[in-house]
Structures are given as C-alpha cells and as structure tokens.
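**Student:** no sequence on this one, just coordinates:
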C-alpha cells in the first residue's frame, strides 16, 4: 500500500519503496503552499506564479501514488497490521498533543486538541479515515478484482471514474467521490490492481512514461496560467481526480515499477516510515505551515526553493526518528500477543 504500514505481507520492492518516499516528499512539497494554490489566481502572471504552479503540478499526484501502491500489491487485511496502523495514528496524535502542551502550556490547550487526541482516527488528516474505509472494504474489492480480466477491470473502473467524477463535479451530490474521498480511493485502488495484472504480459515503456508525466505537468501549468485570465474550473484542475492529474499519476507510477533496483535497506527503512511523515507534519504542534509561510514571506527567488527543500528534508528525518521508538514498542506488544 501507499503511505501506511502494509496491511498484509507483500515483499518489499525497493523501486516501489522509493516511490513511497518520492510520493511523501511530493505531499510535503504540496503543503508548502500554506495558503493553497487557488490564492495564486490574483490576475498577475510573473515568475513567482509560474514557479508556484510548477511546484503544485509536479507534486499534486502524491496521494494518488500512495493508493496506487495499495491496489498494486493488494491490501490483505490482518488484525496485527490494523493495530499497527492505529497505534501509529495515536502515537503521533499523542506527540502532537504533548507538543501543544509544551508550546502553549497545558492550561491553554483547547478542546480541539483534546478531540484530535481522543478521536485521532477521524479528527486529524482527511486521508486517514478515507484510507481506513478502503482497508475495511478491501476484501470485497479483492474478490471483485480476482476473477476479472484486465479489459473488464478497465471498463468497470473507467465507468466508475466517469460517473463519480461527473456526479460530483456537475451535480455535486455524492460526498466522498471527489478527489478527497473514499470513493475516489476505490478508483485508485482498482487502477493499481489493473496495472499489476497488465504488467505481467507487457513491458513498460520507461522513457515514454517519464515523458508522459512531464507533458502532463507542463499542460497543467499552462492551463493554470490561462485560467488566471479565464477563471473557469480552477478548483477542478487542482483536484486529485482531475483527468490530467490522474494521467500524470499513472505515468509516473508506471515509470517507477519499470525500474530495476536491488533491495536497499536504506530505501526500505525510509519508506517504512512514510506514513509517519504525513502524520507528523500535519500534527497539532508541527508548525510546518507557519514555517513555510515565513519562508515565502521573508525570502525570494532561489532562496525560497532552497529553504523549502531543507524544511521538507528535516521534517522527513524528524518523523523517521520519532517513528523508531513506536516500532520498538509495537514489536514488543506484538511479541506478547503472539
């Protein structure tokens, strides 16, 4: 699966593990736009606007890649893995709560912080409850996938994608089927499964896929610039379920599965804590958005890019370190359970 610990037992492939790392870095880069990409639409086009569109277009596919990986390997639901996931969620919720207490003082911690701690599964990151729903329905999805041909899956998935996309964007009456919902995660999961089945009898055109990703990125940026003067469908362009974003995601995913990387313990270790990075940088005490805002407001040009990348790397490393004692604790608990 994508950014979370494996629900099941699939052997680690370092090319896919590297993709996990890249996808999480993309999410971090995406979130450096502390005020959202739509704030860029102010009627002005300059180098700063182009760079912001480019950063967004390059990195907006991170979440899609996570769920692709889940569908590619298939979620195999196991109690221990679900407990591991829940333990990780509450571990970082607790870290966030303690951080807030230290920063603001325990007497000044509000009700919202207590809610985020107690209901960590549903009151922190939208990705978490959506993915948890996907985990719960994965046995049904796997049963559906198992006896279908690639052609059948492509037809069913395409119809589901078109219906849910139009139903949400045109009629706006299905919650969960926009780019930020569990319904779209089903589409992504099915696409990952299709690629897994298709890959067995086909050779991936590595260069073609990389070119496809670059072209999609350039087209997204170009449309974004045009929309500054023709303000139509701006929010649709930057949604995870945008057709261009989806095509870009598929191209880069195919590129990575075509790579032949020998098992690498460093890559695998960093990738195993990718979900920790998501939880930590969005936790109550992380200050990630405030730091990014300070950089954008204080510096200009290449210095903004450099400092932003430094922050992204530092946050990844901190989350990786914070996740190690959690792994040790859970392994101790797991050994007791066994």
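**Tutor:** Cool, got the structure. What you are looking at is a predicted structure, and each value in this text was computed from that prediction instead of being measured. Numbering: from 1, shown residues only.

**Student:** CA only for contacts and neighbour counts going forward, please
**Tutor:** Noted.

**Student:** Report the contact partners of residue 312.
**Tutor:** 25, 28, 29 (C-alpha atoms under 8 Å, 6 or more residues apart in numbering).

**Student:** For the helix or strand where the last one lies, which outside residues touch it?
**Tutor:** Think residue 29. Here residue 29, judged by DSSP states H and E, is contained in helix 14-30. Identification of contacts with helix 14-30 by C-alpha under 8 Å, 6+ apart yields 2-3, 55-56, 58-63, 65-66, 69, 253, 256-257, 259-264, 267-268, 270-272, 274-275, 277-278, 281, 308-309, 312, 316.

**Student:** Next, residue 318: secondary structure please.
**Tutor:** helix (DSSP: H, G, I helix; E, B strand; the rest coil).

**Student:** and it, how many neighbours?
**Tutor:** Other residues near residue 318 come to 14 when the count uses other C-alpha atoms under 10 Å.

**Student:** just residue 332 next, same as before
**Tutor:** Residue 332 has 11 neighbours, counted by other C-alpha under 10 Å.

**Student:** can you pull out the strands in the stretch 151-300 of the chain?
**Tutor:** Using DSSP state E, counting those that start in this stretch, no strands are assigned anywhere in the stretch 151-300 of the chain.

**Student:** Can you mark which positions in stretch 286-296 are buried?
**Tutor:** 286, 288, 289, 291, 292, 293, 295, 296 (16 or more other C-alpha atoms under 10 Å).

**Student:** OK, contacts around the residue lying closest to residue 131 once chain neighbours are set aside?
**Tutor:** Counting by C-alpha to C-alpha, 6 or more residues apart in numbering, residue 182 is the residue found nearest to residue 131 once chain neighbours are left out, at 6.7 Å. With contact taken as C-alpha under 8 Å, 6+ apart, residue 182 is in contact with 130, 131, 133, 134, 176.

**Student:** Closest one of those to residue 141?
**Tutor:** Proximity of the contacts of residue 182 to residue 141 was ranked by C-alpha to C-alpha; the top entry is residue 134 with 9.0 Å.

**Student:** Distance check, the closest one against residue 55.
**Tutor:** When distance is defined by C-alpha to C-alpha, to the nearest Å, residue 134 is 29 Å away from residue 55.

**Student:** Tally up the residues packed near residue 337, please.
**Tutor:** Neighbours around residue 337, by other C-alpha under 10 Å: 8.

**Student:** Can you give me the pLDDT of it?
**Tutor:** In this prediction, residue 337 carries a pLDDT score of 74.

**Student:** In the stretch 1-150 of the chain, where is pLDDT below threshold?
**Tutor:** Along the stretch 1-150 of the chain, the model assigns pLDDT under 70 to residues 1-11, 34-35, 43, 104-111, 113-114, 119, 124.

**Student:** which residues of it fall in helices?
**Tutor:** In the stretch 1-150 of the chain, the segments counted as helices under DSSP state H, counting those that start in this stretch are 14-30, 47-59, 62-73, 79-104, 111-118, 127-146, 150-166.

**Student:** Nearest the middle, which residue of the protein would you pick?
**Tutor:** residue 63 (2.5 Å; C-alpha atoms, centre = their mean).

**Student:** tell me the contacts of that residue?
**Tutor:** Here residue 63 is in contact with 23, 27, 240 (C-alpha under 8 Å, 6+ apart).

**Student:** Any figure for the gap between residue 161 and residue 189?
**Tutor:** Counting by C-alpha to C-alpha - residue 161 and residue 189 are separated by 12 Å.

**Student:** and of the contacts of residue 182, the nearest to residue 144?
**Tutor:** residue 134 (13.9 Å).

**Student:** hang on, that closest one packs against residue 186?
**Tutor:** Yes - Residue 134 is within contact range of residue 186, at 6.9 Å (criterion: C-alpha atoms under 8 Å).

**Student:** Take the contacts of helix 14-30 and, keeping just the buried ones, write it as a ChimeraX select command.
**Tutor:** With 16+ other C-alpha under 10 Å as the criterion, this ChimeraX line picks the buried residues out of the contacts of helix 14-30:
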select :2,3,55,56,58,59,60,61,62,63,65,66,69,253,256,257,267,268,270,271,272,274,275,277,278,281,308,309,312,316
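
**Student:** centre of the chain versus stretch 33-50, how much separation?
**Tutor:** Mean C-alpha position of stretch 33-50 versus that of the full chain (C-alpha atoms, centre = their mean, to the nearest Å) differs by 22 Å.
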